[in-house]
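Undergrad: Below are the sequence and a predicted model for it; my questions follow.
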Amino acid sequence: MSPKSPKRVTVYLLSGFLGSGKTTLLTKAIDHFTEAGRKPAVIMNEIGEVNLDGQLVASEVPMSELLGGCICCSNRGDLGLALKELVTDEQPDLIFIESTGIANPMEIIDEVTDASLLLPVELKAVITVVDAPQLLELSRTSRGKTYRLMQEQIRCANLLLLNKTDLLQTEALQEVDALVREWNAFASVHYTVFSQIDMRLIERLEEEDTPQPSAGDVHEDAHQKQDHVHDHEHHHEHDDHKHNNHNHNHNHASQVEHHHSHSHVMAYTHFFERAVDSQAFEEFVSKLPQEVYRAKGILSFSDTSSRFLFQYAYREMDFVKITPKGVVPDVAVFIGENFSKDAVRTELLKLEAAADSVIK
Ligand SMILES: Nc1nc2c(ncn2[C@@H]2O[C@H](COP(=O)(O)OP(=O)(O)OP(=O)(O)O)[C@@H](O)[C@H]2O)c(=O)[nH]1
């Protein structure tokens, strides 16, 4: 390991499955560190083409965006480049990397540790947010690919949030707790609602001089696990990957073949041409196929005056009034596995057409 210099910028990796509560944690952490006089910066990775989570982060926080693909299968070097630009242009005290919910944390750990050989950055901790009800249900039922990915995200964490505990009874929570501790006896585990955690726990991770989730350790573990997940992995063509950092725009279209555990995850981004009826939209969302497990968007409705940030995670829907930063189109991103993008698109076009005919 390289010797520590006092000027190294702390990097935290926020991991956790889609919709587990990472952005909810991020906004709280940013508020905390900003109030404490520190300067946080953010690297956001989204599978969709627009950064909706970024809308929730204060505009003065320097942010780099890796859009349109998953960080862990991006062009190798994109993340390093984003770190370099933030460190050079913004001189933050700490950087939070929010990965997509389908990211394999090992790859990101590897890339950040690689970057730390060249840049004054140091990965201090992996913080994993667990959707406790979802993990429990998967452990009792399918134990498929998502379950295995959650397991990997949990295994490499230093700090674990068992989130959405408001949706679980005590016994169920104990069951999840036992599962998580079996996979990771090293991390401290905290029960949270809306990712509410004592931020001193995160500060302490920065102060600790303990060995961090070293890519070496984790990879050894990962290699052992490769055997287990092998039959679920497929060669995978990379998506076009956009990296926007302030005024810098890098578009990469990499077509590299690579082993992946989430090759079937796909996103459909719908740009609305007109406002739709709010009830009709809610009904559409409630009828989304099971394969669509995450959606979010910024929407105007024909029957409301405000705009809304829309969230759908693990079958729960949420609409919050929002005044977007900058010019943001009405847009929604649907994420899932093997669903028909065409079917989703057709339904949304129908909603738009219906709204249109009401106006006429
Ligand atoms: N009931 C309940 N809902 C929660 C809790 N924490 C977060 N949510 C909701 O879950 C949804 C997803 O939360 P986010 O913080 O956006 O999740 P995320 O991990 O950033 O999602 P991705 O970026 O898509 O991976 C939002 O609607 C949150 O309000 C919780 O403890 N309980």
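TA: It's in.

Undergrad: host element of whichever residue of the stretch 51-200 of the chain sits closest to the ligand?
TA: Nearest to the ligand in the stretch 51-200 of the chain, going by CB to the nearest ligand atom, is residue 101, at a distance of 3.3 Å. For glycine as for every other residue, the C-beta is placed from the backbone atoms N, C-alpha and C. Secondary structure from DSSP states H and E places residue 101 outside every helix and strand.

Undergrad: Next one, pLDDT for it please.
TA: On the pLDDT scale, residue 101 is placed at 82.

Undergrad: State the distance from it to residue 35.
TA: 28 Å (CB to CB, to the nearest Å).

Undergrad: what about the two, which has more around it?
TA: residue 101 (28 against 9; other CB atoms under 10 Å).

Undergrad: Who's the closest spatial neighbour of the more buried one, skipping the chain neighbours?
TA: residue 18 (3.1 Å; CB to CB, 6 or more residues apart in numbering).

Undergrad: Contacts only, for that neighbour.
TA: 100, 101, 102, 293, 294, 313, 335 (CB atoms under 8 Å, 6 or more residues apart in numbering).

Undergrad: part of a strand, is it?
TA: No - residue state for residue 18 (DSSP: H, G, I helix; E, B strand; the rest coil) corresponds to coil; a strand is not indicated.

Undergrad: my guess is residue 201 contacts residue 190, does it?
TA: Yes - Residue 201 lies in contact with residue 190 (CB atoms under 8 Å); the separation is 7.1 Å.

Undergrad: Need the overlap of contacts for these two.
TA: The contact lists of residue 201 and residue 190 share residue 159, where a contact means CB under 8 Å, 6+ apart.

Undergrad: does residue 271 have beta-bridge partners, and which?
TA: Beta-bridge partners recorded for residue 271 (DSSP bridges): residue 331.

Undergrad: got the contact list for it?
TA: By CB under 8 Å, 6+ apart, residue 271 lies in contact with 329, 330, 331.

Undergrad: and the stretch 151-300 of the chain, which residues reach the ligand?
TA: Residues of the stretch 151-300 of the chain lying near the ligand by CB under 6 Å from any ligand atom: 163, 164, 166, 167, 193, 194, 195, 294.

Undergrad: mean confidence score for the one helix or strand residue 342 maps to?
TA: Element membership for residue 342 (DSSP H and E) is helix 341-359. The pLDDT scores in helix 341-359 average 87.

Undergrad: contacting residues around it?
TA: The contact list for helix 341-359 (CB under 8 Å, 6+ apart) reads 266, 268, 270, 272-277, 280-281, 284, 288-289, 292, 302, 332, 334.

Undergrad: Could you tell me which residues within it count as buried?
TA: By neighbour count on 16 or more other CB atoms under 10 Å, the buried set for helix 341-359 is 344, 347, 348, 351, 352, 355.

Undergrad: What is the neighbour count of residue 31?
TA: When neighbours are defined as other CB under 10 Å, residue 31 has 15 of them.

Undergrad: Residue 110: what secondary structure?
TA: Under three-state DSSP, residue 110 comes out as helix.

Undergrad: pLDDT below threshold where in this structure?
TA: Within the chain, the stretches with pLDDT under 70 are 1-7, 68-76, 209-265, 358-360.

Undergrad: Closest to the centroid, which residue in it?
TA: Most central in the chain under CA atoms, centre = their mean is residue 100, positioned 3.2 Å from the mean C-alpha point.

Undergrad: What's the separation between that residue and residue 351?
TA: Note on residue 100: its distance to residue 351, by CB to CB, is 27 Å.

Undergrad: and residue 267, how many neighbours?
TA: 22.

Undergrad: Pull the contacting residues for it.
TA: Residue 267 neighbours (CB under 8 Å, 6+ apart): 47, 48, 49, 333, 334, 335.

Undergrad: In strands only, show me those residues.
TA: Applying DSSP state E to the contacts of residue 267, the entries found in strands are 333, 334, 335.

Undergrad: out of everything not next to it in sequence, what's closest to the first one?
TA: For residue 333, the nearest residue in space outside its immediate sequence neighbours is residue 48; the separation is 3.3 Å by CB to CB, 6+ apart.

Undergrad: burial count for the one you found?
TA: By other CB under 10 Å, 24 other residues sit near residue 48.

Undergrad: what about the helices in the chain?
TA: Ranges of helices in the chain, per DSSP state H, are 22-35, 78-90, 105-118, 132-140, 145-155, 170-183, 200-207, 215-229, 278-286, 341-359.
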